[in-house]
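> Kindly return the folded structure for what I paste below:
(2 chains)
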Amino acid sequence: MATERETTRFESVRSRWRPRIERFRRGWDRYTEHWMGLAGLFILAVYCLWALFPSVFAPHSPDWAAYVGTSGRMTPEQIATLPHPPAFGDPFFAPLGTNSTGQGILTLLVYSARNALYIGFAAGILSSLVGVPLGLISGYYGDTWIDEAIQRVVDVMYGLPFLPFLIVLVALRGITTTNIILGIAITSWLNNCIVIRGETLSLKERAYVESAVVSGASDLRVVFRHILPNVWPLAFVFLAQDAAYAILTQAALAYLGLADFTSNSWGIMLLNVRKAGQIFSAWWWLIPPGLAIAFVAAAFYFIGFSMEDVTNPQREP
Amino acid sequence: MSRISARYLAKRLVVSYLTLLVIMTLLFVLVRSMPGSFVSSMVSPQTTPEQIMALKERWGLNDPLWQQYVRFMVNYQTGSFGRSTTFNEPVWNLIARRMPRTLILFGAAFVVAYTVGPLVGMYLGWWRGTTRDKAVFGTSLFVYSIPSFWIAWLLIWLFNYELGWLPSSYMVTQFQTFDWTPVTVMADVLKHIALPLFSVAVVGWVGAMLIMRPSMNNVVDEEYVFLARAKGLSERTVMIKHAARNALIPVTTGAVIALAFLIDGAVIIENVFSWPGMGQLIVKSVLARDYPVTQAAFFMLAILVVGARLITDILYTYLDPRIKFGEKR
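Below you'll find the predicted structure:
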């Protein structure tokens, strides 16, 4: 008896999820037609692996220093050769060279992936958590005081220039990664809100939403069961864009000296190049972090725009 | 003016004004909630408590908060921004000197970005899905992802450090020995503006392209485009004169939002190139807790953005006669 009941439950779960799985598979098939989306996923996968298992991919640990490994002191002559261009084999192995304190560039590059992805995902998800519900509410109650109030808040926020406002917020609350993420989320939910509102405004005029309203569904149910599922894809597109924006903003803040120096990040690597006065002499130190930022931001943009094509096929590619 | 009702215009003006008032209130709250007061940035360990009290008295920090607030709101709307605590001169002078420089650099960048962006977007949207579209679109998204200061460094490296063609900092040559004729000064400024302008524009056009491409793609199937083709007009004429004109409407909204992003760019690029504009001023004054300058700079930028949003809404009615404001649906 027990087994039978479990089977039926399993069956019912399967039958309930089958259309969703089918829909996902169809979407995936469309997605794989976009080379950009696949490239974005590939880059992101590489960075995720770096973030999860940095010690596997990095040749050394972040404590490692050229010549002496993880212990001891360098002689003045050794320090004078830093930053060291790429070196293979003895006396040390640094495929992308070292910085002026003797750390391997490749090592830092790999260990910084975690920070970038953390900031990207956290800021993207946070600003979606604020922007999507507000956009839904604003759109669903369009042309009422609720919509008006939310849109005026958006207007006010647009009047404050993003980066300067962020600088004030971070200067105000202290320079920690958490505060940087919160600041980015506070300044970047506006776009989500406006776009989701526009989509909701058009969705709520559709026949199926109207019939749900007529059949007595509560506002909450209409919004969450009928409108939200159609807004999800768009929300994901903006999540990806927010993530890219957040990573670029963090780099900009790091350039201005507003970044958490205790963590490894590409922005801080770039700041250190400048501080060491090596921008034009240590190309092996200048190029990789910039490219790393560009690639991860591009990966998010690629994924976002491919998803936009998949979910909103204006035209067959 | 016939398309826009006076009532609507009046309503928008009032709303814009109220928005500004709210932004100012926010600024007041934000700046007051910074740890320490700006007096603490003026004192040294040798300053006696009496001197600190005198300073606070002089800057009006001992008055009740509501009095400070009312004074702040009234002063700003009458254009008196007070004195900078770090530059030791009236804030108004500072801004009057720096605002034009920022407007020159970013006005130029804006023009370049919003000429190149919609043009590229037009072509990509018209031939969406072709190999060329995919390649150009992918490349431009990648360019869009490059940190602006890093690209600026690469440009300085190439054009200043390696080739020595263009200067990498300030707006004019420092301690110049040449004659101060308008022509030489102009040429000098042009040389100095080249690298920062290019740094902003190289990334900035992508934003316009991203809006133009889908917008162009939407009008491709419109009936009037079909009609224009049927009339036997060349593909080029149909694309530029019929399709692109209508596809440009969302770009104007995007342009206002981009204004805010350009100010973002200004903050970074001005710092890289030591361009003596507002962006540099903002960073310096925020980090130095120079409240009067911070508030005034934000206020000016807020006026810029709120005003631009108002103007686009009005421009809309001219770009697209179908859009009418102030009338019930």
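> ok, A:D309 to A:G124 distance?
From A:D309 across to A:G124, the span is 19 Å (C-beta to C-beta, to the nearest Å). All C-beta atoms are positioned from the backbone trio N, CA, C, and that covers glycine.
> meant to ask about B:S16, not that
31 Å.
> Of these two, give the one with the bigger neighbour count.
Set side by side, B:S16 and A:G124 give different neighbour counts by other C-beta atoms under 10 Å in any protein chain shown, the larger being at A:G124 (28 against 18).
> which SS class is the nearest residue to B:W157 once chain neighbours are set aside?
Spatial nearest neighbour of B:W157, chain neighbours left out: A:F280 (5.3 Å); criterion: C-beta to C-beta, 6 or more residues apart in numbering or on different chains. Here A:F280 is recorded as coil under DSSP: H, G, I helix; E, B strand; the rest coil.
> Next, A:T98: phi, psi?
phi -130, psi 170 (degrees, to the nearest 10).
> before we move on, what about A:R206?
Per degrees, to the nearest 10, the backbone of A:R206 is at phi -70, psi 160.
> now swap in B:R128 and tell me
phi -70, psi 140.
> Residue of the stretch 1-150 of chain A closest to chain B, please.
A:M36 (5.2 Å; C-beta to the nearest C-beta).
> you'd agree that residue is up against A:A299?
No - the criterion here is C-beta atoms under 8 Å, and A:M36 misses it with A:A299 at 9.6 Å.
> More neighbours: those two, which one.
The neighbour comparison of A:M36 against A:A299 (other C-beta under 10 Å) goes to A:A299, with 29 against 21.
> other SSEs contacting the one helix or strand the more buried one maps to?
Using DSSP states H and E, A:A299 falls within helix A:283-311. Helix A:283-311 is packed against helix A:2-31, helix A:35-52, helix A:105-140, helix A:228-255, helix A:266-275, helix B:131-144, helix B:148-155, with contacts defined by 3 or more C-beta pairs under 8 Å, 6 or more residues apart in numbering or on different chains; DSSP states H and E.
> Lowest average confidence across these, which one?
Here the helices and strands packed on helix A:283-311 differ in mean pLDDT, and the lowest is helix A:2-31 at a mean of 75.
> So is it next to chain B?
No - with C-beta under 8 Å from any C-beta of the partner chain as the criterion, chain B is not reached by helix A:2-31; the gap is at least 13.1 Å.
> secondary structure class for A:L82?
Going by three-state DSSP: A:L82 is coil.
> could you list every residue that touches it?
Applying C-beta atoms under 8 Å, 6 or more residues apart in numbering or on different chains to A:L82 gives the contacts A:66, A:98-102.
> Equivalent analysis for B:L163, please.
By C-beta under 8 Å, 6+ apart, the contact set of B:L163 is empty.
> pLDDT at it, what is it?
Looking at B:L163, its pLDDT stands at 83.
> Now do it against A:G304, distance only.
B:L163 sits 37 Å away from A:G304, going by C-beta to C-beta.
> what about the helices in the stretch 1-150 of chain B?
Listed from the start of the chain, the stretch 1-150 of chain B has helices (DSSP state H, counting those that start in this stretch) covering B:6-32, B:49-58, B:65-77, B:91-126, B:131-144, B:148-155.
> any idea which of the ones you listed is most buried?
helix B:148-155 (a mean of 23; mean count of other C-beta atoms under 10 Å in any protein chain shown).
> quick revisit: buried ones from the contacts of A:L82, can you make that a ChimeraX selection?
Selection of buried members from these for ChimeraX, criterion 16 or more other C-beta atoms under 10 Å in any protein chain shown:
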select /A:66,98,99,100,102
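> where's the dip in pLDDT among the contacts of A:L82?
Ranked by pLDDT, those bottom out at A:A66 (77).
> contacting residues around that one?
A:74, A:78, A:82, A:84, A:91-92, A:94, A:98, A:102-104.
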